[in-house]
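# requesting a structural model of the entry that follows:
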Amino acid sequence: MFGFLNINKPSGMTSHGVVSALRKITGIKRIGHAGTLDPLASGVLPVAIGKATLLIDYLPSDKRYIAGLEFGKKSDTYDIEGHVEIVNAPTVSSDDIKKILSIFTGEIKQIPPAYSAVHYNGKRLYELARKGKIPDDIPSRLITVYKNTIVSFDEQNQKLELDIACSKGTYIRTIVNDIGDALHRGAVMYSLKRIEAAGMELKSALELNNILNKEDIEKNLINPVCLLPFPNFEISEKEKEIILHGNKIKNHFDVKNELLLLYKENPIALANADDNFIQPKKLLL
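Numbers count the residues shown, from 1 in each chain. Predicted structure coming up:
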């Protein structure tokens, strides 16, 4: 079994929990996922089956979310699952929100939340945070927010939904917390739904409860050709045998750099090409 699955991860379940469930169904240990979702979050979780796990790092990395945030609260985890405190401050209006959203669009220096899996001096930040040892010099990272628009705003209940498209490594929880700080009102994330990731969309995602056997998985596998940002080329049976032995073949495709080699429309290797030869980089059979 080889390919990708577009799974709609339910809220309350870990990303690893999805992988474990699929391992039980398939009996295949070699299963992995791209782009971890916190248990609170739901939505698109790209899952790789078999040797498709070798291609996870090459999937498109941009993502899109619908985030729900509530003003008037602060949390150590930046969401409702942490220690939440009430903030006594004036309510926020839609005009207030519109005025500051541009600050959270474009290239942004973002400090990851203390309760995150980011490494700090050899430890995960959440490991330190749980011991009450939150560093005061967590390095910032440069991320890009391509889109940050209002989906809905309930002014009476101070609840806002945002449509956020962003680059890899963006913490939506941090954006929520920082918006609350910018408005001097505080904000926590109460929901998060990923609607796009790795070239997959929520509208075509599979519900985990509907996957009962191997056949359900096999008929929904996505060929990596549909997702990877590389040119792909068919090779002959003789060339296939050469490649699968780890040897290079002549480059007759007039292409350089990385490419995907196919045999009968199925990927057999990710390879590097120069002016003369194509050398396999990762074998997929």
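
# show me what counts as buried in stretch 5-19.
Neighbour-count burial for stretch 5-19, counted by 16 or more other CB atoms under 10 Å, picks out 5-10, 13, 15, 18-19. The way it works is simple: take the backbone N, C-alpha and C, and place the C-beta from them, glycine included.

# filter those residues down to the ones in helices?
15, 18-19 (DSSP state H).

# which of the residues you listed sits closest to residue 209?
Using CB to CB, residue 18 is the member of those that lies nearest residue 209, at 11.5 Å.

# which residues does the residue lying closest to residue 167 once chain neighbours are set aside form beta bridges with?
Of all residues not flanking residue 167 in the chain, residue 144 sits nearest, at 4.2 Å (CB to CB, 6 or more residues apart in numbering). Beta-bridge partners recorded for residue 144 (DSSP bridges): residue 107.

# how much space between residue 144 and residue 110?
Applying CB to CB, to the nearest Å, the value for residue 144 to residue 110 is 10 Å.

# what sits in contact with each of those two?
Common contacts of residue 144 and residue 110 (CB atoms under 8 Å, 6 or more residues apart in numbering): residue 170.

# centre of the chain versus stretch 173-190, how much separation?
Offset of stretch 173-190 from its chain centre (CA atoms, centre = their mean, to the nearest Å): 22 Å.

# contacts for it?
For stretch 173-190, the surrounding residues in contact (CB under 8 Å, 6+ apart) are 38, 40, 67-75, 77-80, 82, 84, 87, 89-92, 96-97, 100-101, 103-104, 110-113, 145, 148, 158-160, 164, 172, 192.

# could you rerun that using 7 Å?
67-75, 78-80, 84, 87, 89, 92, 96, 100, 103-104, 110-113, 164, 172 (CB atoms under 7 Å, 6 or more residues apart in numbering).

# more crowded one of residue 144 and residue 110?
residue 110 (19 against 15; other CB atoms under 10 Å).

# need the contact list for that one.
Per CB under 7 Å, 6+ apart, neighbours of residue 110: 140-141, 143, 170-171, 174.

# cutoff 10 Å now
Taking CB atoms under 10 Å, 6 or more residues apart in numbering, we find residue 110 in contact with 104, 140-143, 145, 166, 169-171, 174-175, 178.

# in strands only, show me those.
Among the contacts of residue 110, DSSP state E puts 141-143, 145, 166 in strands.

# related to what we said a few turns ago, turn the ones in helices among the buried residues of stretch 5-19 into a markdown table, including distance to residue 152.
Formatted as a markdown table, these follow (distance: CB to CB, whole Å):
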| residue | distance to residue 152 |
| --- | --- |
| 15 | 27 |
| 18 | 28 |
| 19 | 33 |
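
# hang on, the earlier thing: what about burial for the contacts of residue 110, which qualify?
When these are checked for burial by 16+ other CB under 10 Å, the buried set is 104, 143, 145, 166, 170-171, 174-175, 178.

# pull the most distant pair out of those.
Across the buried ones among the contacts of residue 110 (CB to CB), the longest gap, 13.3 Å, separates 166 and 178.

# pretty sure residue 154 sits against residue 92.
No. The criterion here is CB atoms under 10 Å, and residue 154 misses it with residue 92 at 11.0 Å.

# please enumerate the shared neighbours of the two.
Residues touching both residue 154 and residue 92 (CB under 10 Å, 6+ apart) are residue 160.

# more crowded one of those two?
The residue with more neighbours, out of residue 154 and residue 92, is residue 92; 22 against 10, by other CB under 10 Å.

# so the more buried one belongs to a strand, correct?
No. Read with DSSP: H, G, I helix; E, B strand; the rest coil, residue 92 is coil and lies in no strand.

# which residues touch the closest residue to residue 6 other than its chain neighbours?
Counting by CB to CB, 6+ apart, the nearest residue to residue 6 once its immediate chain neighbours are dropped is residue 200, at 4.1 Å. By CB under 10 Å, 6+ apart, residue 200 lies in contact with 4-7, 34, 43-47, 59-60, 194, 222, 226-227.
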